[in-house]
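Peer 1: After the sequence you'll find the predicted model.
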Amino acid sequence: MNSFKASNCSLPPLIRFLSSHGRRASPRPGILGVFTPRSRLFSGPSSNTFMEVVKTVLMQASATNERVAIRAEQKSYGYLQLGASALNVSNLLHNKYVKGTNGMRYLDGARVGIVAKPSAEFVSGILGTWLCGGVAVPLALSYPEAELFHVMNDSDISMILSTQEHQQLLENVAAKCSSHLSLIPAITSMEQSGSAADNMVAKLIGEIEDSRIAEGDDPALILYTSGTTGKPKGVVHTYKSIISQVQILTEVWEYTCSDRLLHCLPLHHVHGLFNALLAPLYAGAVVEFMPKFSVHGVWQRWQESYPKDGSIADDAITLFTGVPTMYTRLLQGYEKMDLDLQVASASAASKLRLMMCGSSALPYPVLKQWEEITGHRLLERYGMTEFFMALSNPLHGIRKEATVGKALPRVEVKIIPEDGSATGTTEVGELCVRSPSLFKEYWKQPKITKESFIDGGFFKTGDTVMVDEDGYYIILGRTNADIMKVGGYKLSALEIEAVLLEHEVVSECCILGLPDKAYGEVVCAIIVPQPDARRRSEQELKPAISLEELQNWSKEKLAPYKIPTKLFLWDSLPRNAMGKVNKKALKKLLEGQ
Ligand SMILES: Nc1ncnc2c1ncn2[C@@H]1O[C@H](COP(=O)(O)OP(=O)(O)OP(=O)(O)O)[C@@H](O)[C@H]1O
């Protein structure tokens, strides 16, 4: 049942223009470059056609009823400004790369790299690329040079969109990759532009009518995987997969135009791009960027939203989503506050509507402590670049610890046991997903694409999972990185990590299987001790915890074959932008030692 409250929102936002791509009743132009009269393109019986939706948005975004879409660096950008800017970008791309080209009217699926910090310009870069018929490839400013070139060359990017502040860097990059750089014109904020004139709205509608309308199955986006299990692969998504995902998320988490999401995630992965940006914008919410996650900044923003006097600020944050390491750091920040500030912070956090967590396993001690302090049981969900989100704990109902909930609406999942036999509900095996949000293909990798699917169009995730007695899914980990084979037993590294994290000395933990002649693999633990334990160990000149101490403690909690037989104490774990540890790389490193 569609339970979301979008109807309470007077303004369906601009981003709904996507929805028409999958549902337009009238025929599309066919091959790009063949002109189709406007009346044919937009004469659908439903009010959900591309133009009807965009028109409604823009009419409501007029002088009397302007709405904020993005807040960044103390400035607000309305849906109208975003729309106007997206058109500017589309025109810019058109004039520079399409005009005068034989037979072309649009970008015809050419890849456009988008490199900008989280900002209104980033969003307009994506929307503008789509309006001109291009495929958006969000790139991270934080990529090491080698990875940036890998992604740019692999996706055959011919154009880069960026902003003035990165011009010099990107000019060098563009020159090395034989691509062209264009700067996204700075967007006028609402504070600068004042009210929009009605004729501007009408003009905008007219121009958008002339833009490229893509087919549901046309590629729209290439996202690169984190590379935790190998070299990052380009995952091609279509207009259809994108629109179905934003609709599903809006529905299940009840995003509405009354929401305001504090956004602290990278935009080149699905968590930051879909859960925290496109779905909230689709619902008409405000997305407030905090480009660099700051523990102090997040707590402060919540305190400003819900001051001690019990009032609620007009621009109060209602939604937050993060990776587990963010919550760990927020808890560390909380512990350093004085009592007064702790009370104010906990009370403010408790007033948000929803707090979510994902991208990697949420340690139980973090979930527990967060709940004790803020009253929020974090909503844990599971997703992947290839299909965005697939499993989620419920918004209403029981959120079970150590699980990622059940399949989202319109998503089908099944478990394939290793021996390929029929599945039962409690069996362990590989999770397979069929979803309207499934990707189209791996870019230029037809063989890998083919091998990734089984009969019936289910995608093999490469994750080993099991289902509990209530039908909630438990992620045991990446089959080729988290599942260890020790003396005939198959063990989940995530399960052992979750147990060790309960030890008072352990701050962070990573479990790996290292090769062993006798057992196949042995369980190796890398532990980052808590700061107190580290200080004590320096004073006493002995390790924060020894292997023997860890093993003795573990005896009560883990079966003998799950207890680590190797231990490393490190100051930190190497994590990528999404807080993930590349276990394959770590294994290689340790094997070499
Ligand atoms: N809530 C969660 N709990 C445990 N693991 C999760 C959760 N959410 C996502 N994951 C893990 O993240 C993976 C998806 O992340 P992503 O698509 O970025 O791929 P990756 O494994 O990090 O990178 P690559 O595919 O390049 O190896 C999932 O397959 C799963 O292993």
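Peer 2: Sure thing, it's come through.

Peer 1: Which residues of the chain lie near the ligand?
Peer 2: Applying C-beta under 6 Å from any ligand atom, we find that the chain lies next to the ligand at 225-230, 232, 269, 358-361, 380, 382-385, 404, 461, 463, 475, 478, 580. Heads up, the C-betas are built off the backbone N, CA and C, glycines and all.

Peer 1: Which of these are buried? Put it as a ChimeraX command.
Peer 2: Buried residues among the residues of the chain next to the ligand (16 or more other C-beta atoms under 10 Å), as a ChimeraX selection:
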select :225,226,227,228,229,232,269,358,359,360,361,380,382,383,384,385,404,461,463,475,478,580
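
Peer 1: In strands, which of the residues of the chain next to the ligand fall?
Peer 2: Glu380, Tyr382, Gly383, Met384, Thr461, Asp463, Ile475, Arg478 (DSSP state E).

Peer 1: what's the neighbour count on the closest residue to His269 other than its chain neighbours?
Peer 2: Among residues not flanking His269 along the chain, Met578 sits closest, at 5.6 Å (C-beta to C-beta, 6 or more residues apart in numbering). The local packing of Met578 (other C-beta atoms under 10 Å) involves 19 other residues.

Peer 1: For the ligand, see how far away the residue nearest to Ala140 when sequence neighbours are not counted is.
Peer 2: With sequence-adjacent residues excluded and distances taken as C-beta to C-beta, 6+ apart, Ala140 is closest to His268, at 4.6 Å. Using C-beta to the nearest ligand atom, to the nearest Å, one gets 10 Å for the distance from His268 to the ligand.

Peer 1: again with Met159
Peer 2: With C-beta to the nearest ligand atom as the criterion, Met159 and the ligand are 25 Å apart.

Peer 1: which stretch of helix or strand covers the nearest residue to that residue once chain neighbours are set aside?
Peer 2: In space, Met159 comes closest to Val112 once its chain neighbours are excluded; the distance is 4.8 Å by C-beta to C-beta, 6+ apart. For Val112, the element it lies in under DSSP states H and E is strand 111-115.

Peer 1: continuing past that strand, what's the next helix or strand?
Peer 2: Proceeding N to C from strand 111-115, the next assigned helix or strand is helix 120-131, under DSSP H and E.

Peer 1: helices and strands around that following helix, which ones?
Peer 2: With contacts defined as 3 or more C-beta pairs under 8 Å, 6 or more residues apart in numbering; DSSP states H and E, helix 120-131 has these neighbours: strand 68-72, helix 79-93, strand 111-115, strand 135-138, strand 159-162.

Peer 1: now the second one against helix 120-131, angle please.
Peer 2: Comparing the axes of helix 79-93 and helix 120-131 via axes from the mean of the first three to the mean of the last three C-alpha atoms, to 10 degrees yields an angle of 60 degrees.

Peer 1: Now helix 79-93: average pLDDT?
Peer 2: Throughout helix 79-93, pLDDT has a mean value of 87.

Peer 1: Could you export it as PDB, CA atoms only?
Peer 2: Taking C-alpha atoms only, helix 79-93 is exported to PDB below (Å, rounded to 0.1, in the frame of the first residue of the first chain):
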ATOM      1  CA  TYR A  79      13.300  24.200  -7.000                       C
ATOM      2  CA  LEU A  80      12.800  27.000  -9.500                       C
ATOM      3  CA  GLN A  81      16.500  28.000  -9.400                       C
ATOM      4  CA  LEU A  82      17.500  24.400  -9.700                       C
ATOM      5  CA  GLY A  83      15.300  24.000 -12.700                       C
ATOM      6  CA  ALA A  84      16.600  27.100 -14.400                       C
ATOM      7  CA  SER A  85      20.200  26.100 -13.600                       C
ATOM      8  CA  ALA A  86      19.600  22.600 -15.000                       C
ATOM      9  CA  LEU A  87      18.400  24.100 -18.200                       C
ATOM     10  CA  ASN A  88      21.400  26.400 -18.400                       C
ATOM     11  CA  VAL A  89      23.600  23.400 -18.000                       C
ATOM     12  CA  SER A  90      21.600  21.500 -20.600                       C
ATOM     13  CA  ASN A  91      21.900  24.500 -23.000                       C
ATOM     14  CA  LEU A  92      25.600  24.800 -22.300                       C
ATOM     15  CA  LEU A  93      26.200  21.100 -23.100                       C
END
